[in-house]
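[1] Structure of the sequence below:
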Amino acid sequence: MTMQGRTADAGAMDGVARPGLLNRRSFLVGSAFGVGALGLGGCATSDGLLLAEARNTYGPMPGEKFPIPAVDISKVDPKYYRRTVSYETKEAPGTIIVDPANYYVYRVEGDGAATRYGANVGRQGFLWSGDAYVGRKSEWATWTPPAEMIRRQPEAAKYARGMPGGLDNPLGARTLHLYQNGAYTLYTIYASSDAESIGSGITSGCVGLLSQDMIHLYARTPVKTKVVVLPA
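    Below you'll find the predicted structure:
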């Protein structure tokens, strides 16, 4: 199936940088964030156990090449916390299913269950759907802004030869690069350190999970894994 929608920038980072500051959030969010952030309600919960589990799940990861700080879980709606859920599908175990309409990514576990992750997805005009597969994987990948982005954001030209991996790199700690028929689609599933982006449509078509969730998914996803993106 052919992906539908506008061609995404490599790494799907798009936005307007704040004056004098070129950082990950400005590439990722830009003017679209004001719309995408709406509806991040329910951040408080009386379920102390749920909060304790979330603090453990989204705690710091000091052993990484670039130590990852804890997620501020107060900025994430609890419905987007990682959990195992009932999920009926004909797809094989291991398949990744992206549900952009509900801001979820599922990893099919079989026997009617899946691991569910909260996500950010493409904003209006950059949504797409179809089947793909993981063509390659990368840790702390170099990010290179495409020519189209440099034309929109001239300040990105300083990274025309690539931004090294790190906490400010738009691709984050782990990246799954999506392919079709042997060709890179320019779409990715990537690691985001922006807690407020989860549950939002902010990217140029890619899908972001919190870093801790992305590392969890990445470790369980071999190259050639099928990826299904549902219609929004």
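
[2] Show me the shaky parts of the chain.
    Along the chain, segments meeting pLDDT under 70 span 1-47, 125.

[3] Run through the strands of it in chain order.
    83-86, 96-99, 104-110, 113-118, 121-122, 130-139, 174-180, 183-192, 201-203, 207-210, 226-229 (DSSP state E).

[4] These: which one's closest to residue 49?
    Judged by CB to CB, the one of these that comes nearest to residue 49 is strand 83-86, at 12.5 Å. For the C-beta atoms, the positions are set from N, CA and C on the backbone; glycine is no exception.

[5] quick one: the spatially most central residue of the chain from residue 48, how far?
    In the chain, the centroid-proximal residue (CA atoms, centre = their mean) is residue 208; its distance is 0.7 Å. Using CB to CB, to the nearest Å, residue 208 is found at 28 Å from residue 48.

[6] Please tell me I have it right and residue 196 contacts residue 75.
    Yes. In this structure, residue 196 is within contact of residue 75 by CB atoms under 8 Å, at 4.9 Å.

[7] what about those two, which has more around it?
    Using other CB atoms under 10 Å, the more surrounded residue of residue 196 and residue 75 is residue 196, with 18 against 14.

[8] what's near enough to touch the residue nearest to the centre of the chain?
    28, 119-121, 172, 189-192, 194, 197-198, 214 (CB atoms under 8 Å, 6 or more residues apart in numbering).

[9] Check residue 92 too.
    108, 110, 226.

[10] of those residues, buried ones?
    residue 108 (16 or more other CB atoms under 10 Å).

[11] and of the contacts of residue 92, the nearest to residue 58?
    residue 108 (22.9 Å).

[12] Pipe the strands of the chain into JSON lines and attach distance to residue 164 per row.
    Below are the strands of the chain laid out as JSON lines (distance: least, CB to CB, whole Å):
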{"stretch": "strand 83-86", "distance to residue 164": "34"}
{"stretch": "strand 96-99", "distance to residue 164": "27"}
{"stretch": "strand 104-110", "distance to residue 164": "27"}
{"stretch": "strand 113-118", "distance to residue 164": "26"}
{"stretch": "strand 121-122", "distance to residue 164": "26"}
{"stretch": "strand 130-139", "distance to residue 164": "12"}
{"stretch": "strand 174-180", "distance to residue 164": "14"}
{"stretch": "strand 183-192", "distance to residue 164": "15"}
{"stretch": "strand 201-203", "distance to residue 164": "21"}
{"stretch": "strand 207-210", "distance to residue 164": "19"}
{"stretch": "strand 226-229", "distance to residue 164": "27"}
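
[13] This completes my enquiry, with thanks.
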